[in-house]
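[1] Mind folding the following:
(one chain, ligands or ions: 1)
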Amino acid sequence: MAQAVGWTVRDGVAVVSVDNPPVNALGHAVRRGLVDAIAVAEADSRVRAVVIAAAGRTFPAGADIREFGKPPEDPWLPEVCDRIEACSKPVIAALHGTALGGGFEVALAAHYRIALASARVGLPEVTLGILPGAGGTQRTPRLIGAEQALRLMLTGKPIGAAEAMAMGLIDGVVEDDLLEQAVALAVMLADEGKGPRPTRDRRDGMRDPVAYEAAIKAARDGLKAPRLPAPGRIIDCVEAALLLPFDNGLAFERAAFEDCVTSPESAGLRHAFFAERRAAKIPEAKETPRPVGHAGVIGGGLMGAGIAHVLLGAGLRVTLIERDRDALAGGLQRVAVMEEQAIARGKMTEKERDAQWARLFGALDVGALAEADLVIEAVYEDEALKAGIFRELDRVMRPGAVLATNTSYLDIDQLARVTSRPADVIGLHFFSPVPAMKLLEVVVGAQTAPDVVATGFELAKQLGKVAVRAGVCDGFIGNRILTAYRTAADFLLEDGATPYQVDAAMRAFGFPLGPYQVLDMTGLDISWARRQRLAGTRDPRARYVAIGDRLCEAGWFGRKSGRGYYRYDAAGSASEDPEVLALIAAEREAKGIVARTIGDDEIRDRCLCAMVNEGARLLGEGIALRPSDIDVVMLAGYGYPRWRGGPMQTADQRGMLQIRNLLADYVGEDPIFWAPAAIFEEMIKYGRKFSDMDEG
Ligand code: CAA
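    The predicted structure follows:
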């Protein structure tokens, strides 16, 4: 028997224990071990019943995702589940931790299920672009009907043990001593002569076929764009569970699983899953983070208040600093509004809010931060203002405190230089709205101490954010790529596209909003100020599109001023603006450009190539550690469609040669912007993909 599965006999009960850290994923050795264990249990006359449990932190959390896409090795998980279900002696699954995906399917194939009260169960496959492929789509609705089964499988959200029990998915919940209680149940079943209870034979959830079909129809009607393959196929499989004999239903599920697992959408989603975890693997990972119990936030604007709100949510004591009483009251008010919103969304109770409020303090002087462990400066993007604040912080803060800036663009090394402790200075770049956005760019300066970097990553973990390590440059990872994306979009406007066409093409690609909708939302004046700041450093050979400047000169700053690329009515709904189109036409005419017809595919190709090329440059400059970190930034912070995996993953799927050739086609239009990054030639020469660099 393989070592990944342990075996003991207690009181006539075989205890089969999966042991495959960290999450007991059902890799080949575990599958083999489970099948062998059931065979031994069948053959051993001492054994009257079987308990399947797991060592370590969790019952298996799923199939081993790393094996997808590789040649399958017998036994497959569906066979393992069938073998468990067919056992002639009762099999009990004892669940703790997170029994997810294939792990929960193993439990569904067992004849009885008991769980620790803290356990969570679920079928999250849809989040990886696949479906439960080991009988989950057939067994789950047999127990709980189509409506609940579809809720589990289409949202992918795990549920607690009590809810699972109330639904009929599991048979018992225990507070502690899971294994003892599972063995006791097994002994009782054996004593009572209760044999196996195969889920395939149960019809509890199918007693009302009309309601079952109605749930199928409602789910189909509720499918949202973009239509990814997995959700539709899950619904088909659950319908097949009602209409087909069990074994035919399994075959139907298998075919659907194969289609999904080989889809590019699933490849993108799986890439995103591993990319997010890989981002935490930084050179400083072994450093001990500095303890952070009290944090200061400077600036109570939307950003600062959002940061204070999430810090409070993570259990920290927070001091919010503003320049005068009114501004401070405004900042505290913003935090209060966010807390009310969190309560309204069911994310926080009133009691938790009160507890948080007791940990929030306001002050007008940075002297209040003398004992703080960390400070995050989140004031307006003005170099002199920020430098002044850092000088003050250097004066008042205790030795060893971390001095962080939330700047989106400015040079962190320059800020570090105004202090006497550059090793303690770091960038913690949050994204707006802070409570909702998952991304935190941890920007590491030339002199930032390794344990300060580790502190940034630890803080991100406490806040439930995905941290990505970035080096210092204008815009770090995300805003560098965003700028390239917007530049490509601006070229398209000048050459003949409209902002509305560009937005629609990028929404069809999968972004929730197009680039001009986002600009209108965040305010055109922010990037205008930045362009003015950088005007002196602009390469005269580079193509410069002034359409955004013209809009700002007209006072059209976006949503907040009622006009931007779109026109907004009093209710806030947007419409296309003929005056913007006239302004764009005038810009073209001034430059002697004759508008050409541009197709949506070309818009997408150019925007993608611009992002990938900038990503390749970031790698070349050492700003990003690996391609998948760039993907994580774009997925978690900029609305890049998750099922595409991020721009570098999309480039891998398109092929390096194609991307480089497109760039080469465009380069005549602007030899600076479109020049293919150096890295492409070498990658093409050696047949490499971006993902080959991820593990390095
Ligand atoms: N396969 C392979 N590796 C996995 C894995 C899986 N199913 N689930 C987690 N891991 C790995 C992670 O990559 C990570 O590895 P590193 O330490 O090398 O980075 C490690 O296990 C720990 O994972 P987390 O950092 O995510 O730990 P956590 O405690 O924050 O979360 C978890 C644990 C809730 C189980 C989370 O890992 C998770 O959600 N895993 C995926 C669950 C899932 O989707 N299961 C369904 C798989 S598909 C399936 O089962 C198909 C089928 O029907 C046949």
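[2] in the stretch 1-150 of the chain, which segments are predicted with low confidence?
    1-2 (pLDDT under 70).
[3] can you list the residues of it near the ligand?
    For the stretch 1-150 of the chain, the residues in contact with the ligand (Cβ under 6 Å from any ligand atom) are 22-23, 25, 61-66, 77, 98, 100-102, 105, 124-125, 128, 130, 132-134, 136. (C-beta placed from N, C-alpha, C; glycine too.)
[4] Give me the subset of these lying in strands.
    Secondary structure from DSSP state E places T98, L100 of these in strands.
[5] Residue numbers of the chain in contact with the ligand?
    Residues of the chain lying near the ligand (Cβ under 6 Å from any ligand atom): 22-23, 25, 61-66, 77, 98, 100-102, 105, 124-125, 128, 130, 132-134, 136, 274, 277.
[6] on that earlier part again, now go through the residues of the stretch 1-150 of the chain next to the ligand and say which are in helices.
    L77, G102, E105, G136 (DSSP state H).
[7] Need the residues you listed in TSV (columns: neighbour count).
    Listed next are those as TSV, based on neighbours: other Cβ atoms under 10 Å:
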residue	neighbour count
L77	29
G102	29
E105	30
G136	30
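[8] From the residues you listed, pick the one nearest G514.
    Distance to G514 across these (Cβ to Cβ) is lowest for G136, with 37.4 Å.
[9] Report the contact partners of the closest residue to P515 other than its chain neighbours.
    Spatial nearest neighbour of P515, chain neighbours left out: A489 (4.8 Å); criterion: Cβ to Cβ, 6 or more residues apart in numbering. A489 makes contact with V502, M506, P515, Y516, I603, C607 under the criterion Cβ atoms under 8 Å, 6 or more residues apart in numbering.
[10] Which residues are in contact with the fourth one?
    Counting by Cβ under 8 Å, 6+ apart, Y516 makes contact with A489, P499, Y500, V502, D503, G564, Y565, Y566.
[11] Export only the CA atoms of the lowest-mean-pLDDT helix or strand in the chain, formatted as CSV.
    Within the chain, no helix or strand scores below helix 524-534, which has a mean of 87 by mean pLDDT, DSSP states H and E. Extracted in CSV, the C-alpha atoms of helix 524-534 (Å, rounded to 0.1, in the frame of the first residue of the first chain):
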residue,chain,number,x,y,z
LEU,A,524,-9.1,62.3,-16.0
ASP,A,525,-7.2,65.0,-14.0
ILE,A,526,-5.1,62.4,-12.2
SER,A,527,-3.3,61.1,-15.3
TRP,A,528,-3.3,64.6,-16.7
ALA,A,529,-1.3,65.9,-13.7
ARG,A,530,1.1,63.0,-14.2
ARG,A,531,1.6,63.7,-17.9
GLN,A,532,2.4,67.3,-17.0
ARG,A,533,4.9,66.1,-14.4
LEU,A,534,6.6,63.9,-16.9
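[12] For the next helix or strand after it, buried residues please.
    Next helix or strand after helix 524-534 toward the C-terminus (DSSP states H and E): helix 547-553. For helix 547-553, the neighbour count (16 or more other Cβ atoms under 10 Å) marks I547, G548, D549, L551, C552 as buried.
[13] what's the neighbour count on Q333?
    12 (other Cβ atoms under 10 Å).
[14] Ok, R57 next?
    Quick note: R57 (other Cβ under 10 Å) scores 13 neighbours.
[15] in what helix or strand does it lie?
    Counting by DSSP H and E, there is no helix or strand that carries R57.
[16] Test my guess that it contacts V23.
    Yes - when contacts are counted by Cβ atoms under 8 Å, R57 is listed as touching V23 (7.2 Å).
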